[in-house]
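Participant: requesting a structural model of the entry that follows:
(chains A, B, C and D)
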2 protein chains.
Amino acid sequence: MYGVTARQERESDGVAYGGSGDPRRSIELLWGVPPRRKRGPKPRLSVADIRQAGVALADAEGLAALSMRRVAAELGVSAMALYTYVPSKAELIDLMLDGVYAELPTGDVPGEGWRDRLATLARENRALLEWHPWLLSIAMSRPVMGPGVIAKYDRELRAIDGIGLDDIEMDSVLTLLIGYVQSAVREGLAAAGAERSTGMSDEQWWAAYQPAFDAVLDPAGYPVAVRVGSAAGAAQGGAYHPGRAFEFGLARVLDGVAALIQRRR
Amino acid sequence: MYGVTARQERESDGVAYGGSGDPRRSIELLWGVPPRRKRGPKPRLSVADIRQAGVALADAEGLAALSMRRVAAELGVSAMALYTYVPSKAELIDLMLDGVYAELPTGDVPGEGWRDRLATLARENRALLEWHPWLLSIAMSRPVMGPGVIAKYDRELRAIDGIGLDDIEMDSVLTLLIGYVQSAVREGLAAAGAERSTGMSDEQWWAAYQPAFDAVLDPAGYPVAVRVGSAAGAAQGGAYHPGRAFEFGLARVLDGVAALIQRRR
DNA sequence: CCGTCACTCCGTACATCGTACGGTGTGCGG
DNA sequence: CCGCACACCGTACGATGTACGGAGTGACGG
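Facilitator: Numbers count the residues shown, from 1 in each chain, chains lettered A, B, ... in the order given. Model (predicted):
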C-alpha cells in the first residue's frame, strides 16, 4: 500500500485532512509537548520551523503549492527529513491551522453589546481568511483540537455568553456566523483570485465570453436571471465596494440572531 | 511546461476550477452545441457520456477519486481519448456541475409566501449537496455559465421576485441563503464522511482522543469552551437530529431576511 | 472508384506528488 | 569508549494531468 493511495482513500472528497494518525501523537504535536529525545544528533529543525515554513508557503502560493518537498527545500533539508518531526502532511496542515489561530488575540472581544461584538468577530474572521486564504481549502473531517483552535472558540463564545442563549444556541449562533464569513470570503476571493491566476480582469473575461454566450442564450428563457444578473454584475463591476456585500449579509445574519435573542426573553 | 504544473498555477488555492481555456469552446461545450465533424471514424463516446461517468464516479468516491484515467476506464477507453471531447479536467468538472444543476426542477418553487419558498429552496439545495457532496469541493474561480446554472439561478430568483427587494438585494439574499446551506451541509458531511473514511464513529474517535487531550488541556484556561463544547458534543452525540441544526440556522437566516423586507416596506 | 485528409483513439513520456524503506552518520548514556 | 537511539538522506513506487506523435477509419473531392 503506497502513499498516495492510502491518503486519497481518506481524502475522499478533495481536501479532507484531519487527525488521522495516532491520537496521542497528534495531540502532543499540537500542544507542543517536548519530544523526549536523549541520544543522537541534535535536530536541525523544530516542529515550529516546519509549521512556519508551511504557513509562509501556503500564504504565498496557496495550499496546492504546499508539498513536502517544497517545504523541505525552503528549510534546506530533504523531503524525508520532515517526517522525523511530523507524521504526515495531514498533521502538518492541522498544525498550520492551529498555528494561525493561535496568533489571534485572546482578550475579550471589544464592543458595547452582543451585536457589536459579533460584528467585530465577523470582521476579524474575515481578515484572517483573507490573510490566509488556504484556510478555506481545508475541510476538517474531525475538529483540530489544538490550543489555537480552542482559544479561538473560547474567546468567541465569551463574546455571546450570558446574553440569554443556552449553550447549544451559543454554539449554533457561532457556527452560523463563522459559516457566513467563510461563504462571503470564499465568494470574494474567487473573483479576486481568478483575476490573478488567469491574468484576465473581470471585464476582459466577460468581454471574451459574452459573444459566445449571447450566441447560445435565449434571454426570454431566463428573464429574471438576465435582469438581475446584469444588475448584480454591473454593481460588482462598478463603484460597488467589495466590503459592501460582506456587510450586507452580516447585517442580515445579525438581524436573525437578534430575533432569536428577543424571542428568548 | 507540463500539465500538473500549469494546472497548479491556476488552482492556486486547492480546488479552483473554472472556465480557463478558450471561452467559445467552453460555452459550446456547456450548451451542447453539436460538433461539426464530417470525416473520420464515428465517435464512440459523447460529451454527455463522459459527464455522466464523471458524476457517477464523483458521487461514489468523491472528487479526489475523479481522475481522467478512472473516468476513461469506466467508459472502456484510454485516458487520452477523453481529450478529444473535453479540453481538460477543469472543463469536465464544469460540465459535471452544470449537469447536476440541470436535473433540478425548473417550475416555480411551491410555497405560500416568500418565506415558505425560500425554505423550500434551502432544503432542495441541501438535498442536492448531500446527494453530490463533491459540489462542495469545487471552488469556482469564474461562474460556470451553463444552462443548468442559469436555469437554477432564474428559478431561485423568481421565488423572491416582486416581494419588495431591488435586484441587487435579491441577488444578495440568494447568495446569503445558498451560502448558508453550503456551510451547514459542509459541517454535516464532515462528521459523517470522517466516520466512513477513518472507520471510527464519533464516540470511538472521541474515546481515543480524550485521554491524550485531557492530559494537556487545562480546563480553567478555556472555561466557556469546555462547558459549551461538551454540551454541543453531547447534543450532537445524543438524540439531537442532524436536521435540527440545519433548520435552526435556516430560521435565523430567514428571520434576517424578514427584517430586511419589513424595513423595505 | 480511389486517394486524401480530417478525425478518433492510443502508447509513451514527463514532472510532480506523498511516503515506505533501508542505509549512513552523530553524539549521548552506560 | 562502545553501543544504540536518533536525524537525515537517496531511492523507489504508484499516482496524477496532459503534451506529443503515430495508427487506424471513413466520408468527401476528384
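Participant: touching, residue A:74 and residue A:57? I think so.
Facilitator: Yes - at 6.3 Å, residue A:74 and residue A:57 qualify as touching, with contact defined as CB atoms under 8 Å. No exception for glycine: its C-beta is placed from N, CA and C like everyone else's.
Participant: these two: which has the busier surroundings?
Facilitator: More neighbours surround residue A:57 than the other of residue A:74 and residue A:57, with 20 against 15 (other CB atoms under 10 Å in any protein chain shown).
Participant: and the helix or strand hosting that one with DNA strand C, contact?
Facilitator: Assigned by DSSP states H and E, residue A:57 belongs to helix A:47-61. No - Helix A:47-61 stays clear of DNA strand C (CB under 7 Å from any atom of the strand), getting no nearer than 10.0 Å.
Participant: what mean pLDDT does that helix get?
Facilitator: Averaged across helix A:47-61, the pLDDT comes to 97.
Participant: okay, it in PDB with CA atoms only?
Facilitator: Extracted C-alpha coordinates of helix A:47-61, given in PDB (Å, rounded to 0.1, in the frame of the first residue of the first chain):
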ATOM      1  CA  VAL A  47       8.100  21.500  14.500                       C
ATOM      2  CA  ALA A  48       7.500  25.200  14.800                       C
ATOM      3  CA  ASP A  49      10.000  25.800  12.000                       C
ATOM      4  CA  ILE A  50       8.200  23.400   9.700                       C
ATOM      5  CA  ARG A  51       4.900  24.900  10.600                       C
ATOM      6  CA  GLN A  52       6.000  28.400   9.900                       C
ATOM      7  CA  ALA A  53       7.600  27.400   6.600                       C
ATOM      8  CA  GLY A  54       4.300  25.700   5.600                       C
ATOM      9  CA  VAL A  55       2.300  28.700   6.500                       C
ATOM     10  CA  ALA A  56       4.600  31.000   4.600                       C
ATOM     11  CA  LEU A  57       4.400  28.800   1.500                       C
ATOM     12  CA  ALA A  58       0.600  28.500   1.700                       C
ATOM     13  CA  ASP A  59       0.200  32.200   2.200                       C
ATOM     14  CA  ALA A  60       2.400  32.900  -0.800                       C
ATOM     15  CA  GLU A  61       1.200  30.300  -3.200                       C
END
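Participant: can you classify residue A:76 by secondary structure?
Facilitator: Following DSSP: H, G, I helix; E, B strand; the rest coil, residue A:76 is assigned to coil.
Participant: residue ranges with poor pLDDT in the stretch 101-250 of chain A?
Facilitator: Within the stretch 101-250 of chain A, the stretches with pLDDT under 70 are A:193-200, A:237-240.
Participant: show me where it has its strands.
Facilitator: A:139-140 (DSSP state E, counting those that start in this stretch).
Participant: please, where are all the helices along it?
Facilitator: When assigned using DSSP state H, counting those that start in this stretch, the helices of the stretch 101-250 of chain A occupy the ranges A:114-131, A:147-158, A:167-198, A:202-216, A:223-237, A:242-264.
Participant: which one of those helices lies closest to residue B:70?
Facilitator: helix A:167-198 (26.0 Å; CB to CB).
Participant: quick check: angle from the closest one to helix A:242-264?
Facilitator: 170 degrees (axes from the mean of the first three to the mean of the last three CA atoms, to 10 degrees).
Participant: could you list the domains of chain A?
Facilitator: What automatic domain parsing lists as the domains of chain A is A:3-101, A:108-264.
Participant: how about the ones you listed in TSV, adding distance to residue B:184?
Facilitator: Formatted as TSV, the domains of chain A follow (distance: least, CB to CB, whole Å):
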stretch	distance to residue B:184
domain A:3-101	16
domain A:108-264	7
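Participant: what's the closest non-adjacent residue to residue A:246?
Facilitator: Spatial nearest neighbour of residue A:246, chain neighbours left out: residue A:184 (5.0 Å); criterion: CB to CB, 6 or more residues apart in numbering or on different chains.
Participant: and the one you found, how many neighbours?
Facilitator: 26.
Participant: just residue A:231 next, same as before
Facilitator: Residue A:231: 15 neighbours (other CB under 10 Å).
Participant: state the distance from it to residue B:231.
Facilitator: 45 Å (CB to CB, to the nearest Å).
Participant: and residue A:146, by the same measure?
Facilitator: 21 Å.
Participant: for residue A:219, same thing?
Facilitator: Distance, residue A:219 to residue B:231, by CB to CB: 53 Å.
Participant: same check on residue A:50?
Facilitator: Residue A:50 is 36 Å from residue B:231, where distance means CB to CB.
Participant: going by neighbour count, list what's buried in the helix or strand encompassing residue A:73.
Facilitator: According to DSSP H and E, residue A:73 maps onto helix A:68-74. Going by neighbour count (16 or more other CB atoms under 10 Å in any protein chain shown), the buried part of helix A:68-74 is A:68, A:71, A:72.
Participant: so who does the second one touch?
Facilitator: This points to residue A:71. A:50, A:53, A:54, A:57, A:82, A:92 (CB atoms under 8 Å, 6 or more residues apart in numbering or on different chains).
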